[in-house]
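Participant: Give me a model of this one.
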Amino acid sequence: MIRHGKTIDLPSKAQVTVRIVGIVSGAEFLVMAFLHTFPPVISAFQEATLNAFSLVVLSTPIIYFWVVKPFVKAHNDTLHQIEYMACLDPLTQLANRRLIYQHLEKTLAGCLRHNVFGALLVLDLDGFKPVNDRFGHEAGDAILVEIATRLKSMTRTEDIVGRLGGDEFIVILSDLGQESSAALKKVELIAKRLISTISAPLSFDRKELKVSTSIGIRFLDTAAATSQTEHLINEADSAMYLAKKAGKGCAMFHGEEVTEAAA
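Facilitator: Numbers count the residues shown, from 1 in each chain. Coordinates of the predicted model:
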């Protein structure tokens, strides 16, 4: 079994059977040896009852810690693994839509509770389709994986990076402070850095590939905290398409341009 990249070794059914038989046999041997060394003055029925009780007392803890507990842990690990994998995009290992929506709801709740600002950034790669068509899907997948790595390196641990599908990504920034002007500047700076980082060339099969990104931003304030997550993502997505129309390689707020592409 593999969990988060780690292999969990479990005994086979045959090994489990051997363990249980060995534990019971060993416990029975100890009980019989004790009764033989110190024979009690009791009836045969009482001796059999004492034998069975002693066998249970000796063997049960060993069976639990050596047989039952590892399988219970494996069962729980399997459930965690399924839940973990269900929230990840299989190619990039970024958050998928399910986890994105969950995290966005938490971010909105935090904005409302602590009166802080956040931001929702939708990124779409410019020039991805021509590269994918020319060099093949392997090159396209390599670009997506590399962009995912770059996005994760540019964000904080409390933020989340996800893949909406295709070559469209999302970044959710939480707790940008209580001052709106300062929070806006932080988002602008992050957008500029993302544009610059993503536009850097990458190598694949001895070829230099290059894409850029258009970013749509939906600022998250206390008013946005009462909106539907799907609606907010659609607004950021609309801003992203406006950024593409503005010349690509730039970022725009929902209704307002933020920054132009780096030279």
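Participant: Need the contact partners of stretch 232-239.
Facilitator: By C-beta atoms under 8 Å, 6 or more residues apart in numbering, the surrounding residues in contact with stretch 232-239 are 104, 108, 120-122, 164, 170, 216-218, 220, 224, 252-255. Glycine gets a C-beta too; all of them are placed from N, C-alpha and C.
Participant: scratch that, stretch 41-58
Facilitator: 24, 27-28, 30-32, 34-35, 40.
Participant: how about a cut-off of 7 Å?
Facilitator: Applying C-beta atoms under 7 Å, 6 or more residues apart in numbering, the contact partners of stretch 41-58 are 27-28, 30-31, 35, 40.
Participant: residue contacts, Glu105?
Facilitator: Thr229.
Participant: Per-residue pLDDT of it, please?
Facilitator: Glu105 carries a pLDDT value of 92.
Participant: doesn't Leu88 make contact with Arg98?
Facilitator: No. Using C-beta atoms under 7 Å, Arg98 is not in contact with Leu88, being 9.3 Å away.
Participant: more crowded one of the two?
Facilitator: Neighbours were counted for Arg98 and for Leu88 using other C-beta atoms under 10 Å; Leu88 has more, 16 against 12.
Participant: returning to what we had before: strands - which of the contacts of stretch 232-239 land there?
Facilitator: 120-122, 164, 170, 216-218, 220, 252-253 (DSSP state E).
Participant: Kindly reformat the residues you listed as JSON lines containing pLDDT, distance to Val67 and neighbour count.
Facilitator: Shown next, in JSON lines, are those (pLDDT from 0 to 100; distance: C-beta to C-beta, whole Å; neighbours: other C-beta atoms under 10 Å):
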{"residue": "Leu120", "pLDDT": "96", "distance to Val67": "49", "neighbour count": "27"}
{"residue": "Leu121", "pLDDT": "97", "distance to Val67": "50", "neighbour count": "26"}
{"residue": "Val122", "pLDDT": "97", "distance to Val67": "51", "neighbour count": "25"}
{"residue": "Leu164", "pLDDT": "93", "distance to Val67": "45", "neighbour count": "19"}
{"residue": "Ile170", "pLDDT": "97", "distance to Val67": "45", "neighbour count": "25"}
{"residue": "Gly216", "pLDDT": "96", "distance to Val67": "55", "neighbour count": "28"}
{"residue": "Ile217", "pLDDT": "96", "distance to Val67": "55", "neighbour count": "29"}
{"residue": "Arg218", "pLDDT": "95", "distance to Val67": "53", "neighbour count": "24"}
{"residue": "Leu220", "pLDDT": "91", "distance to Val67": "51", "neighbour count": "28"}
{"residue": "Met252", "pLDDT": "94", "distance to Val67": "61", "neighbour count": "25"}
{"residue": "Phe253", "pLDDT": "94", "distance to Val67": "60", "neighbour count": "23"}
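Participant: what's the most distant pair in the residues you listed?
Facilitator: Leu164 and Phe253 (18.7 Å; C-beta to C-beta).
Participant: Restricting the selection to alpha carbons, write stretch 182-200 to PDB.
Facilitator: Output of stretch 182-200 as PDB, limited to C-alpha atoms (Å, rounded to 0.1, in the frame of the first residue of the first chain):
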ATOM      1  CA  ALA A 182      -2.000  47.400   1.100                       C
ATOM      2  CA  ALA A 183      -3.800  44.200   0.200                       C
ATOM      3  CA  LEU A 184      -4.300  45.500  -3.400                       C
ATOM      4  CA  LYS A 185      -0.600  46.300  -3.700                       C
ATOM      5  CA  LYS A 186       0.300  42.800  -2.500                       C
ATOM      6  CA  VAL A 187      -2.000  41.200  -5.100                       C
ATOM      7  CA  GLU A 188      -0.500  43.400  -7.800                       C
ATOM      8  CA  LEU A 189       3.000  42.500  -6.800                       C
ATOM      9  CA  ILE A 190       2.100  38.800  -6.700                       C
ATOM     10  CA  ALA A 191       0.500  39.000 -10.200                       C
ATOM     11  CA  LYS A 192       3.600  40.700 -11.600                       C
ATOM     12  CA  ARG A 193       5.800  38.000 -10.100                       C
ATOM     13  CA  LEU A 194       3.600  35.200 -11.400                       C
ATOM     14  CA  ILE A 195       3.600  36.600 -14.900                       C
ATOM     15  CA  SER A 196       7.400  37.000 -14.900                       C
ATOM     16  CA  THR A 197       8.000  33.500 -13.400                       C
ATOM     17  CA  ILE A 198       5.700  31.700 -15.800                       C
ATOM     18  CA  SER A 199       7.100  33.500 -18.900                       C
ATOM     19  CA  ALA A 200      10.600  32.100 -18.200                       C
END
